[in-house]
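Q: below is the sequence, then the predicted model.
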Amino acid sequence: MAKTAIDAARFDAYWIEPERLKVIINKAHPLYDPRIELPVDEQLVVSMMTEGFTTVITVAKDGEDIVVIDGKRRYKAACEANVRLKKLGREQIKMACVNKRADENALFGVLVTANENRVNTSEVERAKLVQRLMGFGRTEEEAGATIGLDKTKTNRLLKLLACDKKVQNAVESGKLSPSAAAKLSVLPNEKQVEKLEEILAEGPTERSSRATVQKVAKAVKNAQGDFAAVPPTKKEVKDALKQAEGDTECSVEVQDVLRWVATGQLAEGWFKKWLKGE
């Protein structure tokens, strides 16, 4: 194996002392990651002192600073490893870095994707990440896709943010499923807590240690009352349209609205102009 060069495209990577890198600790910064608050991984420190730095982290320039985007746990472990190596009089390690040139939106996407692949993120924390991604201008669907969710699951996940803190804690502790919590999110906070306590007091179901979605849906319906708004079925709308068309007292505008909902047909007139904002 005399030939060591690799015939492939090269990219912007380098070795650097971990002490020259920065991590974002300002919680107001768009790229702040709460995992930076986690304690140093002792096993990772020992591994680096023994084997050196064997993986690559992602960094980006922030003014004059070189900021760690992906690899904060490894960065903290490398810093601690060097403190100990220096005391022992041994050679200190450097970190292999790839420089990512992108805007904050793309960099936060890198951060989220990397953490999603490595760390068991709670459902509430995932919802907050999706919300932050949307804050960068991504659609709900695009934000959800970053953490591997389709549009339906993303919508359900975001409903956790409308839940009372006690409901969120029940999800985090495994006492309530995210789907069940999403059902509770339509209620005022005090009602959410009231129904949560009732459901948990009943104990686990035979099929699951968590409160079932069906049980929560029933509780929500009871809390909303017998006259809670329920979207009509397609058949019900068509029946209403047929009845309206035969009623001489029913206005053309009402018929236009029903026809649009039932068939998708939009007749010329007031309703069409209203939809277009004319």
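A: Yep, it's here.

Q: so how far is residue 255 from the residue lying farthest from the centre of the chain?
A: For the chain, the largest distance from the centre (C-alpha atoms, centre = their mean) belongs to residue 248, which lies 51.7 Å off. Distance of residue 248 to residue 255, given as C-beta to C-beta, to the nearest Å: 11 Å. C-beta coordinates here come from the backbone N, C-alpha and C atoms, glycine included.

Q: with residue 26 instead?
A: Taking C-beta to C-beta, one finds residue 26 at 58 Å from residue 255.

Q: more neighbours, the two?
A: More crowded of residue 26 and residue 255, by other C-beta atoms under 10 Å: residue 255, with 18 against 8.

Q: number of nearby residues for the nearest residue in space to residue 78 that is not next to it in sequence?
A: Among residues not flanking residue 78 along the chain, residue 18 sits closest, at 4.1 Å (C-beta to C-beta, 6 or more residues apart in numbering). Using other C-beta under 10 Å, residue 18 is surrounded by 24 other residues.

Q: ok, now which ones touch residue 18?
A: By C-beta atoms under 8 Å, 6 or more residues apart in numbering, the contact list for residue 18 reads 75, 78, 79, 82, 93, 94, 95.

Q: by mean pLDDT, which helix or strand of this structure comes out lowest?
A: Of all helical and strand segments in the chain, the minimum by mean pLDDT, DSSP states H and E falls on helix 213-224, at a mean of 62.

Q: any idea which helix or strand comes after that helix?
A: Moving toward the C-terminus from helix 213-224, the next helix or strand (DSSP states H and E) is helix 234-245.

Q: list the buried residues of the next helix or strand after that next one.
A: Using DSSP H and E, the helix or strand that follows helix 234-245 towards the C-terminus is helix 252-263. Neighbour counts using 16 or more other C-beta atoms under 10 Å place 255, 256, 257, 258, 259, 260, 262 of helix 252-263 among the buried residues.

Q: the last one contacts residue 234, correct?
A: Yes - when contacts are counted by C-beta atoms under 8 Å, residue 262 is listed as touching residue 234 (6.8 Å).
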